[in-house]
Structures are given as structure tokens and as C-alpha cells.
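Novice: Next input, structure requested:
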Amino acid sequence: MSLKLSFTLPILLAFLVGCTSTETHRVVQTQKVESYATNYSGPKTTLAVGKFNNRSNYLQGLFSTGVDRLGNQAKTILKTHLQQTNRFKVVDRENLDAIIKEAKLRGQAQNLKGARYTVTGGVSEFGRKVTGDKQLFGILGSGKKQTAYAKVSLNVVDVLSSEIIYTTQGAGEYGLNSREVLGFGSDASYDATLNGKVLNLAITEAVNNMVRDLESGKLNVDL
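Specialist: Purely as a prediction, here's the structure:
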């Protein structure tokens, strides 16, 4: 083997190894309400989810886009968890135009059911912060923690009288830690998924409260 070839071959192999890619995947378990998949044979009242807005200072003010992304995200999570309780019949009103169109395409008349109660509310508190520490001015290492906090409020409103017959709240905190020691370890950048995770945590607690109070009689609803 020539000297030129013996010098080029390791470089070529290193380049090929460096260009390889790997693919990984895994299923992530999602958080569900306590009553999910539990047996229930009692009556189910019909609920519609009404306005659910971001009432906190987060994503508000001068640089707001005018789109309530946090409120819309929270509303989607709320509808999912209410349905998963297996204690209510949740009707969809946001996609009513599309539903009517599909019924017409099938050539069948709709039989829409009116909701006896509407669930309204909003994100009352939301915030994020980043805290950190350094060892020997960062020479030996550093750490960073991203924390997100959310509180949501739910109101059950009687559609016939507009009376608020029930209220509850739920709050949660979600944290992500990273630490780097002597140049090794993780240095996590801003994680936008913490918003959804902490909203899910707070709404899960609020819906759990609804189910507990429904079963204890504190939430008294008619069909």
C-alpha cells in the first residue's frame, strides 16, 4: 500500500463514520385524569366548552400577536380531559360548520343535542423563569433550571339561567434541569413544550376536582 493511500484511507473512513445518521423513536405516556378508563354506569350530563381565555400577563401586552395561543391550547386540553373522565357527554361547537357540511354530504338530517351546561374559564396565572448556578465562576460547571407555572379556573354555567353553579381551580409546576460539569453534560436551550406540559398538569387537577365533587354531590347537575 502506498504512503498516499495509507494516509487517505483513515480520513475517508472517518468522514464516512461522521456522516452516518441514526433514527430513534419511543412512545411517550401522556398524563390522564384519575377517572380515565374507570367503570361508570351513572347518568352523564351534556357539557359544551365555552370561552377559555388566557387571563394571565403571559404573551400579553405590546408584543402580543392578537392570537390567544395559550387559551386555545388550554381549551383543547380541557375538552380532551373532560371526555376522558367518562362522566360527561362533551359536544363540539367550534367545528359546527364543518360537521353540518359533512352531514349534508351524507344526505342525512342532523340531530344535534343541546348542552345543559357550559364549562368556561381561563388561564388565570402563567409564568416561566430560568434559574442557574455556577461552580468556581463556571469553570467547574454550571446548572440551569427552567420552570413553568400555571393556574386555571373552571366555571360550570347553567345555560337556562346563566347562573354559575360550580367553580374550581387547578395549578401545576413543571421543571427541566440541566447540568454541565467540566464541559460535559447537557445545556438545555429554551423548551417551549413546558407550556403545554404545565397547562396539562393544571387542567388535569381541575378536572379531577370536578369528578371528585360530582361523585360527592358537591357538583349537582341535572340532565
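Novice: Point out where the protein drops to low pLDDT.
Specialist: Within the chain, the stretches with pLDDT under 70 are 1-21, 63, 132-142, 178-190.
Novice: same thing but at 50, please
Specialist: Filtered on pLDDT under 50, the chain yields the residue ranges 3, 5, 16, 136-137, 179-186.
Novice: which other helices and strands contact the lengthiest helix in it?
Specialist: Assignment by DSSP state H gives helix 193-216 as the longest helix of the chain. The contact analysis (3 or more CB pairs under 8 Å, 6 or more residues apart in numbering; DSSP states H and E) places helix 193-216 against helix 69-84, strand 117-135, strand 141-158, strand 164-181. In this view, the C-beta of every residue, glycine as well, is placed from N, C-alpha and C.
Novice: switch the cut-off to 10 Å
Specialist: strand 45-54, helix 69-84, strand 88-91, strand 117-135, strand 141-158, strand 164-181 (3 or more CB pairs under 10 Å, 6 or more residues apart in numbering; DSSP states H and E).
Novice: quick one: it to chain centroid distance?
Specialist: 10 Å (CA atoms, centre = their mean, to the nearest Å).
Novice: how many degrees apart are that helix and strand 164-181 in direction?
Specialist: 140 degrees (axes from the mean of the first three to the mean of the last three CA atoms, to 10 degrees).
Novice: List the beta-bridge partners for K144.
Specialist: Per DSSP bridges, the residues bridged to K144 are G132, S178.
Novice: Would you check how far apart it and T131 are?
Specialist: Remark: distance between K144 and T131 (CB to CB, to the nearest Å) = 7 Å.
Novice: Pick out whichever of these two has more residues nearby.
Specialist: Using other CB atoms under 10 Å as the criterion, K144 and T131 rank with K144 on top: 18 against 11.
Novice: was I right about the more buried one contacting K129?
Specialist: No. Contact criterion CB atoms under 10 Å: K144 and K129 do not qualify, at 11.0 Å.
Novice: and R212, which of the helices and strands packed on helix 193-216 is closest to it?
Specialist: Checking the helices and strands packed on helix 193-216 against R212 by CB to CB gives strand 164-181 as the closest, at 9.3 Å.
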